[in-house]
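A.B. asks: A predicted structure for the sequence below; I have some questions about it.
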Amino acid sequence: MNETDMRRRLIAPAAGGLAALGAFVFGSRPAAAQGADARAALAAASMIEEVKRRGTLRVGLSTFVPWAFRNRAGELIGFEVDVANRLAQDMSVRAEFIPTAWDGIVPALLAGRFDAIIGGMSITAARNLSANFTSSYSANGVDMAANKRLADGMVTLEAYNRPNVTIAGRRGTSAIVAAQRLMPRATFRQFDDDAQAILEVVGGRAHAMVGSMPRPLFAVLDNAEVLFSPFPQPLMRQADAMAVRKGDPDALNFLDNWVLSRQLDGWLPERHAYWFGAREWRDQVPG
Amino acid sequence: MLGVVGWVGWRAGGALNYAWDFGPVWGFVARHDPQRGWVANLLLQGLLTTLRVSFWAGMIAACVGVLMGIARASRPLFPRLVAGFYVETIRNIPPLVFVFVFYFFVSSQVLPALGIEDWIRRQPPGTLWWMEVLFGPPAQAAGVFAAILCLGLFEGAYVTEIVRGGIQSLPAGQWEAAGALGLSRRRTLRLVILPQAVARTVPPLTGQAVSLVKDSSIISLVSIQDLAFMGNEVAATTNRVFETWLVVALFYFILCVTLSALAARAERRFAIRLRKPRPSLTTTPPGFTWSPTTTAAAISARCMTG
């Protein structure tokens, strides 16, 4: 008996055993049909299919000027509202907005309260560990607004990186995380929204506030006699994207390509310029 | 009092270096629409949500509280253990933590399993209109259900203790007298104990109802669009943080003062009933009807004559 024969005699029963095991585990159908079934099940369970069936795209967002905020009639307006409405229109469904507290928005997405977060969410590694991000459709940065009296002449990061300097920001934002990394020795105070953080700086209870561009700049423009912009460049650059639940390749592919085509046809850059530029929308909001 | 409030307000205004402007905030209470006239804006809508959630949560708390309260005052060990576990668990967890844990569990596990959201979407417009009146916008109803359940179970634990206190505050002699007259424990509870306990628990229960309305603001943390949540939205949009929260505080204040006044009236009515002369054995009329003050003696009179 040569070696090949011996191998054949050993392999044949082993292969037979494996086939039997396979039949036991997966039923008696051929592997190709199994794969097709799994693919069909995956596609049918996709968020895209669910949205088409339901006829509404449920969007989670939170109030950030100018990403999403309220006009005089109490309706949501803003860059992200336009993006979500256009996306829904391109899917032939209706957009339904679910305003959600920012520090609980990822758990709410995972709990299935909505299909996607379209709310100016910056891509961070920590968030990406629990949710998937589409391609980015809006570049962004972290900026700062400082109190003229308290932070007089403080125009470097080192000047703010001291324990007796108080910096305000919004809880759960990538801006406050970035600021804590860049100025680890400063004292941080966190609030539920940007307006409260701005109020702290205007009232002189904090030296500066951090936030995503252009909010700190808007605050400086609105309170020109009290606030100033200490840095000509953003503290850090970031990219905003939509977030969806994990394990849904069809939704990622669809949204990625939607972003790509709306970038190329100029719609996204035009909307971005409208909301983040010269504040032409100002007469829509009170105050 | 007004002087003190005024002085504090003046000091705060000066120290904050703040230009007060309530204009934008009033616009978010109600606004004038060229077609439809005056319509409720965000803050009034939020107030409505707070009212709806408080009402339904109060109903759940009352049902759960009465059942659990009776169980907690009962003799068998098992119901006492179940009710005791429920009360001790909830009373020893901060409301905020309870809401976070319970809400995300219910809205991610229980509601999808029941298929509530799809069921709502299948309803005809007539049903949807009713649902909107009772629970607010149908699109958000599933979240509102979870929040109502959460708040109701939370407040139910406190109602349980009030009901238990009411039952146990009655002297043991009442049970013994009823038992001596041949009433079963269940009939004693229904005819003798509960009518008296209800009258005694009215004041603490109305107090609990007022605190339920105030506690309902914690559901804004899980993004139910109640008055507190809308306050946050308006403050973030208008940048008028102090003004917005003062208006929100005023709304809560008016709501709770109204509720307290109603509660005081209910208490007075029960107090009047309690002061009625007690029916005695000799004067019991043939057409006997029981009232919250019916005692074991009166019941016994009926049992003997009937």
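C.D. replies: Done, it's in.
A.B. asks: SS state for whatever residue of the stretch 51-200 of chain B ends up closest to chain A?
C.D. replies: Nearest residue of the stretch 51-200 of chain B to chain A, counting by Cβ to the nearest Cβ: residue B:108, 3.5 Å away. Every C-beta, even on glycine, is put in place using the N, C-alpha and C of the backbone. The three-state label given to residue B:108 by DSSP: H, G, I helix; E, B strand; the rest coil is helix.
A.B. asks: would you map the helices across the stretch 101-250 of chain A?
C.D. replies: Using DSSP state H, counting those that start in this stretch, the helices found in the stretch 101-250 of chain A span residues A:105-110, A:125-128, A:157-160, A:174-182, A:194-202, A:215-222, A:249-264.
A.B. asks: do the same with the stretch 101-250 of chain B
C.D. replies: Assigned by DSSP H, counting those that start in this stretch, the stretch 101-250 of chain B shows helices spanning B:111-114, B:116-121, B:125-135, B:141-168, B:172-180, B:185-188, B:194-215, B:227-238, B:241-275.
A.B. asks: about what we covered before: for the closest residue to the residue of the stretch 51-200 of chain B closest to chain A other than its chain neighbours, grab the count of nearby residues.
C.D. replies: Once flanking residues are discounted, residue B:108 sits nearest to residue A:111: 3.5 Å by Cβ to Cβ, 6 or more residues apart in numbering or on different chains. Burial of residue A:111 is recorded as 22 neighbouring residues (other Cβ atoms under 10 Å in any protein chain shown).
A.B. asks: return the distance of residue A:249 relative to chain B.
C.D. replies: Relative to chain B, residue A:249 is positioned 22 Å away (criterion: Cβ to the nearest Cβ, to the nearest Å).
A.B. asks: so that residue versus residue A:87, what's the distance?
C.D. replies: If you measure residue A:249 against residue A:87 using Cβ to Cβ, to the nearest Å, the figure is 18 Å.
A.B. asks: look at the two and report which has more neighbours.
C.D. replies: Just comparing residue A:249 and residue A:87: by other Cβ under 10 Å the higher neighbour count belongs to residue A:87, 22 against 11.
A.B. asks: and chain A, which of its residues are near chain B?
C.D. replies: A:54, A:56, A:58, A:63-65, A:69-70, A:72-74, A:96, A:98-101, A:104, A:107-108, A:110-113, A:192-196, A:198-199, A:203-204, A:222, A:285-287 (Cβ under 8 Å from any Cβ of the partner chain).
A.B. asks: okay if I get the helices of the stretch 101-250 of chain A as TSV plus mean pLDDT?
C.D. replies: Conversion of these to TSV gives the following (pLDDT from 0 to 100):
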stretch	mean pLDDT
helix A:105-110	90
helix A:125-128	94
helix A:157-160	92
helix A:174-182	92
helix A:194-202	91
helix A:215-222	91
helix A:249-264	96
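A.B. asks: what's the most buried one of these?
C.D. replies: helix A:194-202 (a mean of 25; mean count of other Cβ atoms under 10 Å in any protein chain shown).
A.B. asks: so how far is it from its chain's centroid?
C.D. replies: From the chain centre to the centre of helix A:194-202 is a distance of 23 Å (Cα atoms, centre = their mean, to the nearest Å).
A.B. asks: residue 136: neighbour count?
C.D. replies: In the absence of a named chain, this looks at chain A. Using other Cβ under 10 Å, residue A:136 has 16 neighbouring residues.
A.B. asks: actually it's chain B I care about, not the one you picked
C.D. replies: Residue crowding around residue B:136 was assessed by other Cβ under 10 Å; the count is 20.
A.B. asks: same check, this time on the one 5 residues further on
C.D. replies: Each residue near residue B:141 was counted by other Cβ under 10 Å, and the total is 20.
A.B. asks: now the terminal residues of stretch A:126-136, how far apart.
C.D. replies: The first residue of stretch A:126-136 is 17 Å away from its last residue (Cα to Cα, to the nearest Å).
A.B. asks: tell me which of the helices of the stretch 101-250 of chain A lies nearest to residue B:60.
C.D. replies: Closest to residue B:60 of these is helix A:105-110 (Cβ to Cβ; 23.0 Å).
A.B. asks: so which other helices or strands are in contact with that closest one?
C.D. replies: Under the contact definition 3 or more Cβ pairs under 8 Å, 6 or more residues apart in numbering or on different chains; DSSP states H and E, helix A:105-110 sits against strand A:56-61, strand A:116-122, strand A:236-244.
A.B. asks: tell me the most buried of these?
C.D. replies: Sort the helices and strands packed on helix A:105-110 by mean neighbour count, taking mean count of other Cβ under 10 Å, and strand A:116-122 sits at the top with a mean of 27.
A.B. asks: could you tell me which residues of the stretch 51-200 of chain B lie near chain A?
C.D. replies: Near chain A, the residues belonging to the stretch 51-200 of chain B are B:100, B:104, B:107, B:108, B:112, B:118, B:121, B:139, B:140, B:143 when assessed by Cβ under 8 Å from any Cβ.
A.B. asks: and these, which of them are buried?
C.D. replies: B:100, B:104, B:107, B:108, B:139, B:140, B:143 (16 or more other Cβ atoms under 10 Å in any protein chain shown).
A.B. asks: which of those residues sit farthest apart?
C.D. replies: Set against one another by Cβ to Cβ, these have their most distant pair in B:100 and B:139, with a gap of 22.8 Å.
A.B. asks: where does the spatially most central residue of chain B land on pLDDT?
C.D. replies: When Cα atoms, centre = their mean is applied to chain B, the residue found nearest the centroid is residue B:58 (3.2 Å). Reading off the confidence values, residue B:58 has pLDDT 96.
A.B. asks: so what secondary structure elements neighbour the helix or strand hosting it?
C.D. replies: Under the criterion of DSSP states H and E, residue B:58 resides in helix B:42-72. Secondary structure elements in contact with helix B:42-72, counted by 3+ Cβ pairs under 8 Å, 6+ apart, are helix B:77-91, helix B:125-135, helix B:141-168, helix B:194-215, helix B:227-238, helix B:241-275.
A.B. asks: what residues are up against the closest residue to residue B:25 other than its chain neighbours?
C.D. replies: The shortest distance from residue B:25 to any non-neighbouring residue, by Cβ to Cβ, 6+ apart, is to residue B:243 (4.7 Å). Residue B:243 makes contacts with B:20, B:21, B:22, B:24, B:25, as judged by Cβ atoms under 8 Å, 6 or more residues apart in numbering or on different chains.
A.B. asks: how far does stretch B:221-229 sit from the chain's center?
C.D. replies: Its chain's C-alpha centre lies 17 Å from the corresponding centre of stretch B:221-229 when counted by Cα atoms, centre = their mean.
A.B. asks: typo on my end, stretch B:120-138
C.D. replies: With Cα atoms, centre = their mean, you get 23 Å for stretch B:120-138.
A.B. asks: what's it in contact with?
C.D. replies: A:54, B:48, B:49, B:52, B:56, B:141, B:142, B:144, B:145, B:225.
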